[in-house]
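> sequence and computational prediction follow.
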Amino acid sequence: MLSLKGVGKEPSIDEATRFIQEVRTRLDRAVELKPKKIGQGLYEVPSQRNPEKCYVVDLLGKTCTCMDYTIRGGLCKHLLSAKLANDVTNTDESTPNFHYEEIY
């Protein structure tokens, strides 16, 4: 899961650095994907490894059908890609904004 962990304490510099690096990596990968809008808040996003395979992202439910999301939960690159596409096209006003919480 994409979060800063360490219940009850400030994250260490190493933990914060790893978190930032993971976010950057996911954003870099998300930008490369080409999501296709298939409904209100729904996007079909191709797999990075196998472009013939696609995952369904539900921005309203904040879910994705990929294994990363299924196993770890949280924000996968497909969710990021669909959210970026939605923000750029601004076609789906009912889609909620994502917010990020710092978890200590």
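It's in.
> let me know the next secondary structure element after the longest helix belonging to the chain.
The longest helix of the chain (DSSP state H) is helix 13-32. Counting by DSSP states H and E, the next helix or strand C-terminal to helix 13-32 is strand 36-39.
> in the protein, which spans are strands?
Under the criterion DSSP state E, the chain carries strands at the ranges 36-39, 42-46, 54-58, 63-64.
> can you list those strands in TSV and add mean pLDDT?
Converted to TSV, the strands of the chain look like this (pLDDT from 0 to 100):
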stretch	mean pLDDT
strand 36-39	94
strand 42-46	96
strand 54-58	96
strand 63-64	95
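> so which of the ones you listed is nearest Gln21?
Proximity to Gln21 (C-beta to C-beta) singles out strand 63-64 among the strands of the chain, at 21.3 Å. Glycine gets a C-beta too; all of them are placed from N, C-alpha and C.
> gap between the closest one and the chain center?
Centroid separation between strand 63-64 and its chain, computed with C-alpha atoms, centre = their mean, to the nearest Å, is 9 Å.
> name every strand pairing with it and say which way it goes.
strand 54-58 (antiparallel) (DSSP bridges).
> before we move on, back to that, can I get the strands of the chain in CSV with mean neighbour count and distance to Lys83?
As requested, the strands of the chain are exported to CSV (neighbours: other C-beta atoms under 10 Å; distance: least, C-beta to C-beta, whole Å):
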stretch, mean neighbour count, distance to Lys83
strand 36-39, 13, 12
strand 42-46, 21, 9
strand 54-58, 21, 8
strand 63-64, 21, 11
